[in-house]
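1. Dropping the sequence and predicted coords here.
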Amino acid sequence: MPPANQAAGMNDTPGISDWFNSLPLITRYWFGGAAGLTLAGNFGIVPAHKLIYDFPSVRHTFHVWRLLTSFLYVGSFSINTLMGLYMLYQFSKQYEGGGPYNTGAGGGTADYLFCLLFGMAGCLMCFHLLGGLIPIAPLFTRNLTFYVLYVWGRKNPNVDANIWGVPVKGMYLPFAYLALNVLLGNPYWDILVGIGLATLFTSSLTCGLSCMEKICFTLLSSSSTSSESVTMCHPLLLLLDMVVEVAAAAADLLGPVLFAPPTIRPAAVVATVAAVLQVVVMTGAVVEEGWETTNRGERTTGT
């Protein structure tokens, strides 16, 4: 009969479930969903063609799950599919575990969730805007994976990494993967789309809403002979600010009740959406002022 401490040690040996549960929250569900759907699609449990993005199916037959499964299904069984799953796991874990950019929730799970939502929306927009110009597949898992890798590289530019044993700084790692795919003749447009969206995301963080406000108000004041147009924008902006504060307070109050674990705070998403609304309002004011100025100029020319 083995000693009691030996038996206890055998029971304490970490298994697959312990490893999976030790992953960061978003990485756990993203990697688990990607692995599960990829297996289900390849074994015929779920038709693979119903997992890819198809806007007519979403619009006319209400296949709304395609908006999510196109970021989970990696593809048919191949070495590239296995590498894609591994890179998803590795890049997502190192970015979420190392502390994402602080976009309003203190650099935690909610910030990483917003980062992914930004990338997902960007992938869908690129597919519709650039689909006729460049070869973009209706599967965006690789796009989003390299998007996360580039964001990680921008946040950790001097971290030592490697690709196939070759040492590379973190900020150059996405470009190393891009060069490798080009040399091997593999598809690389998904990497370029991911890098482009990540550049937009990180640039928006460095610029910030205050920068956009200054630009919009400068355009308003320079395109008008008086400050009346700027003054007219203030009540609406103040109203939006009040709505933001109330919504953020309500989200903070209800977040621990509606979300589990409570580290996911919807206040970050609410504040971001409200910030976008502010920019839209100011941009609309700029456009409206521009139209009025153009119309006044045409009337003056006509007279």
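-> Everything's here; your move.
2. Could you look up the SS state of D111?
-> helix (DSSP: H, G, I helix; E, B strand; the rest coil).
3. which residues sit in contact with it?
-> Counting by CB atoms under 8 Å, 6 or more residues apart in numbering, D111 makes contact with P100, Y101, N102, T103, G104, A105, A268. Just so you know, the C-beta spots here come from the backbone N, C-alpha and C atoms, and that holds for glycine as well.
4. Is the fourth one in a helix, a strand, or coil?
-> Right, T103. Secondary structure, three-state DSSP: T103 is coil.
5. That one touches L113, doesn't it?
-> No. T103 is beyond contact range of L113, at 9.7 Å (criterion: CB atoms under 8 Å).
6. For S22, grab the count of nearby residues.
-> Other residues lying near S22 total 10 when counted by other CB atoms under 10 Å.
7. meant to ask about M125
-> M125 sits with 11 neighbouring residues when counted by other CB under 10 Å.
8. what does Y29 give?
-> Y29: 12 neighbours (other CB under 10 Å).
9. what's the pLDDT at S78?
-> The model reports S78 with a pLDDT of 87.
10. Next: T272.
-> 53.
11. Which stretches in the stretch 51-200 of the chain count as helices?
-> Remark: helices assigned in the stretch 51-200 of the chain by DSSP state H, counting those that start in this stretch are 55-60, 66-69, 79-98, 109-130, 141-155, 173-184, 189-223.
12. Which positions in the fourth one come out as buried?
-> To tie it back to what came earlier, the one meant is helix 109-130. 109-116, 118-120, 122-124, 126-127 (16 or more other CB atoms under 10 Å).
13. Same check on the first one?
-> Neighbour counts over helix 55-60 (16+ other CB under 10 Å) mark S57 as buried.
14. which residues sit against that helix?
-> Contacts for helix 55-60 (CB under 8 Å, 6+ apart): H63, V64, R66, L67, H128.
15. hang on, the third one packs against P47?
-> I take that to be R66. No. R66 lies out of contact with P47 (CB under 8 Å); the separation is 11.9 Å.
16. Redo the helices of the stretch 51-200 of the chain as a markdown table? Include distance to T38.
-> Output for these, formatted as a markdown table (distance: least, CB to CB, whole Å):
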| stretch | distance to T38 |
| --- | --- |
| helix 55-60 | 20 |
| helix 66-69 | 10 |
| helix 79-98 | 7 |
| helix 109-130 | 18 |
| helix 141-155 | 9 |
| helix 173-184 | 20 |
| helix 189-223 | 16 |
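17. Out of these, which is closest to G33?
-> The closest of the helices of the stretch 51-200 of the chain to G33 is helix 66-69. By CB to CB, the value is 8.2 Å.
18. Counting by contacts, list what the closest one packs against.
-> Contact partners of helix 66-69 among helices and strands, from 3 or more CB pairs under 8 Å, 6 or more residues apart in numbering; DSSP states H and E: helix 55-60.
19. residues touching the spatially closest residue to L180 that is not a sequence neighbour, list them.
-> Distance criterion CB to CB, 6 or more residues apart in numbering; nearest residue to L180, sequence neighbours excluded, is I163 at 6.8 Å. Each residue near I163 by CB under 8 Å, 6+ apart is listed here: L173, A176, Y177, L180.
20. which of those are buried?
-> Neighbour-count burial (16+ other CB under 10 Å) applied to those gives L173, A176, Y177.
21. quick revisit: show me which of R66 and P47 is the more surrounded one.
-> Using other CB under 10 Å as the criterion, R66 and P47 rank with R66 on top: 19 against 9.
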